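Visitor: predicted model and sequence follow; I will ask about them next.
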Amino acid sequence: MIDVEALARLQEASFARAERGLRSSWPRESGMNADELRSFLDAHRYCVLATATSQHHPVARPVAFTVIGASFWFATVAGGRLRNLERTPWASIVVADGDAGEHRAVAADGTATITAHPSEELLAVWEARHGSRAEWAAAWFEIRPTRLMSYSARNTA
């Protein structure tokens with residue numbers, strides 16, 4: 001389901017246009033290749049999702065996700081997260097694990113599209129990944145990243 005080649009192309013473009021400070025903390029040679037990206041995203045069910053409140057304050061919370069194609073998908077209740085995305089349809093995502101010399105992460109930023117009626121494909125993929133179809137969800141949203149970067153401390157040796 002993951003279009004890892006599209007994510008890898010996006011990552012290459014993101015590294016190429018990254019500013020100097022970002023390139024120094026997320027060097028290209030530390031990035032994950034396509035197979036590593038697929039394995040890493042497949043292995044993680046949760047990420048930290050950041051949105052902005054009406055006062056432009058960041059709010060970051062752990063949430064379940066799935067990837068279809070080159071998009072991250074989320075189920076949500078009718079609450080602050082949904083209101084934040086309705087007002088400002090942009091979010092950042094971080095999937096991370098490990099610590100010290102063994103940490104890895106994928107960070108993505110992009111536009112959010114909200115839908116009240118998820119596709120059958122999304123529901124099936126979500127159920128296979130998370131064990132239910134999230135009938136509790138008031139809405140679903142897709143983050144289509146415009147920037148994606150990864151880091152693996154294992155790739156720096």
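Guide: Structure received.
Visitor: where does this structure have low pLDDT?
Guide: For the chain, the stretches with pLDDT under 70 are 155-157.
Visitor: 80 - rerun?
Guide: Flagging of the chain using pLDDT under 80 yields the residue ranges 1, 101, 154-157.
Visitor: buried ones in the longest strand belonging to it?
Guide: Ranked by residue count and defined by DSSP state E, the top strand of the chain is strand 139-152. In terms of neighbour count (16 or more other C-beta atoms under 10 Å), strand 139-152 has its buried residues at 139-143, 145, 147-152. The C-beta positions use only the backbone N, C-alpha and C, and glycine is treated the same way.
Visitor: among those, which one sits closest to Thr111?
Guide: Nearest to Thr111 out of the buried residues of strand 139-152 is Ile143 (C-beta to C-beta; 7.3 Å).
Visitor: ok, now which ones touch that closest one?
Guide: Contact analysis of Ile143 by C-beta atoms under 8 Å, 6 or more residues apart in numbering lists 71-74, 91, 93, 108, 110-112.
Visitor: so where does the spatially most central residue of the chain fall, helix or strand?
Guide: Centroid check for the chain by C-alpha atoms, centre = their mean gives Ile93 as the closest residue, at 4.2 Å. Take DSSP states H and E as the rule and Ile93 turns out to sit in strand 90-97.
Visitor: just checking: what are the partner strands of that strand?
Guide: strand 46-52 (antiparallel), strand 104-115 (antiparallel) (DSSP bridges).
Visitor: would you put the C-alpha positions of it in PDB?
Guide: The C-alpha trace of strand 90-97 is given here as PDB (Å, rounded to 0.1, in the frame of the first residue of the first chain):
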ATOM      1  CA  TRP A  90      -1.500  21.900   7.600                       C
ATOM      2  CA  ALA A  91       0.200  19.500   9.900                       C
ATOM      3  CA  SER A  92       3.500  18.000  10.800                       C
ATOM      4  CA  ILE A  93       4.200  14.400  11.600                       C
ATOM      5  CA  VAL A  94       7.100  12.700  13.400                       C
ATOM      6  CA  VAL A  95       7.500   8.900  13.700                       C
ATOM      7  CA  ALA A  96      10.500   8.100  15.900                       C
ATOM      8  CA  ASP A  97      12.100   5.400  17.900                       C
END
